[in-house]
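**Q** Structure for this input, please:
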Amino acid sequence: MALNRQQVVDEAMRIVDAEGLDALTLRGLAGRLGVQAPTLYWHVRNKTALLDALGDRIMDDVAEPPPPGPDDDWREWLLAALVGLRQAMLAHRDGARIVSGARDSFRRADFSERAMSTLVDRGVPLQQARMTVLTAERYTIGHVLEEQASHRPGAGEPDLDLDELRHRFPTATRAITEYFSSGRTVDDVYQDGLRLILGLPWNPPDVRS
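**A** Down below sits the predicted model:
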């Protein structure tokens, strides 16, 4: 059966999920597919185009979130859409690196267009809608970049002197300890930060002495 673009993208994603983005090369991909490298150029003209295709693949299920209901707060709608974007990137190893590097991904652009047009339809001025979506998207991608970097092979466990940390950064360590001792998780860290960006209410940890 003749090779098609979908097979190329599927196999590239399998390599990334198993070995990471740095292991993906056109030569290696061609070998996995049992073809010569020039054959791939019929389907993806270079590594950049392949990265865009992988970005489209990751974004495909979240690029066009359903519109909010007539009584829904657009900020809550946008938060839910961005939570979906984070989950889509976390579902693939180096997902945020792929999406952030896929500059010509139409599906990423579809997400931005849907988000901005929804805000404008709800009465948000155009430039405010653009900056809100841009800021919230970049926060989301940057957040996942840090999450996935900490789990990259070779990162290892940090060799930290906790007493030194408490002495040198007393405010930060107290804030972190209070936050997580209240039962919050890394998912809450992301969503609480996004709520602050979008101007949504959030509940700080209730710490009682």
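
**Q** okay, CA-based contacts and neighbour counts for the rest of this
**A** Noted.

**Q** In this structure, what helix or strand scores lowest on average pLDDT?
**A** helix 37-40 (a mean of 84; mean pLDDT, DSSP states H and E).

**Q** Check which residues of that one are buried.
**A** L40 (16 or more other CA atoms under 10 Å).

**Q** helices and strands around that helix, which ones?
**A** Judged by 3 or more CA pairs under 8 Å, 6 or more residues apart in numbering; DSSP states H and E, the packing partners of helix 37-40 are helix 26-33.

**Q** Quick check: buried residues in the helix it packs on?
**A** Going by 16+ other CA under 10 Å, helix 26-33 has these buried residues: 26, 29-30, 33.

**Q** same deal with stretch 194-209?
**A** Using 16+ other CA under 10 Å as the test for burial, stretch 194-209 gives 194-195, 198.

**Q** Provide the contact partners of the least confident helix or strand of the chain at residue level.
**A** Applying CA atoms under 8 Å, 6 or more residues apart in numbering, the set of residues contacting helix 37-40 from outside is 8, 26-27, 29-31.

**Q** model confidence over the next helix or strand after that helix, on average?
**A** Downstream of helix 37-40, the next assigned helix or strand under DSSP states H and E is helix 47-59. Mean per-residue pLDDT for helix 47-59: 95.

**Q** Extract the C-alpha set from the following helix or strand past helix 47-59 and format it as PDB.
**A** Sequence order places helix 74-90 as the next helix or strand after helix 47-59, per DSSP H and E. C-alpha atoms of helix 74-90 as PDB (Å, rounded to 0.1, in the frame of the first residue of the first chain):
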ATOM      1  CA  TRP A  74     -17.100  34.000  28.400                       C
ATOM      2  CA  ARG A  75     -14.200  34.000  30.900                       C
ATOM      3  CA  GLU A  76     -15.300  30.600  32.300                       C
ATOM      4  CA  TRP A  77     -15.700  29.300  28.700                       C
ATOM      5  CA  LEU A  78     -12.200  30.400  27.800                       C
ATOM      6  CA  LEU A  79     -10.800  28.900  30.900                       C
ATOM      7  CA  ALA A  80     -12.400  25.500  30.000                       C
ATOM      8  CA  ALA A  81     -11.100  25.800  26.400                       C
ATOM      9  CA  LEU A  82      -7.500  26.400  27.700                       C
ATOM     10  CA  VAL A  83      -7.700  23.600  30.200                       C
ATOM     11  CA  GLY A  84      -8.500  21.400  27.200                       C
ATOM     12  CA  LEU A  85      -5.500  22.800  25.400                       C
ATOM     13  CA  ARG A  86      -3.200  22.000  28.300                       C
ATOM     14  CA  GLN A  87      -4.500  18.500  28.500                       C
ATOM     15  CA  ALA A  88      -4.000  18.000  24.800                       C
ATOM     16  CA  MET A  89      -0.300  19.000  25.100                       C
ATOM     17  CA  LEU A  90       0.200  16.900  28.200                       C
END
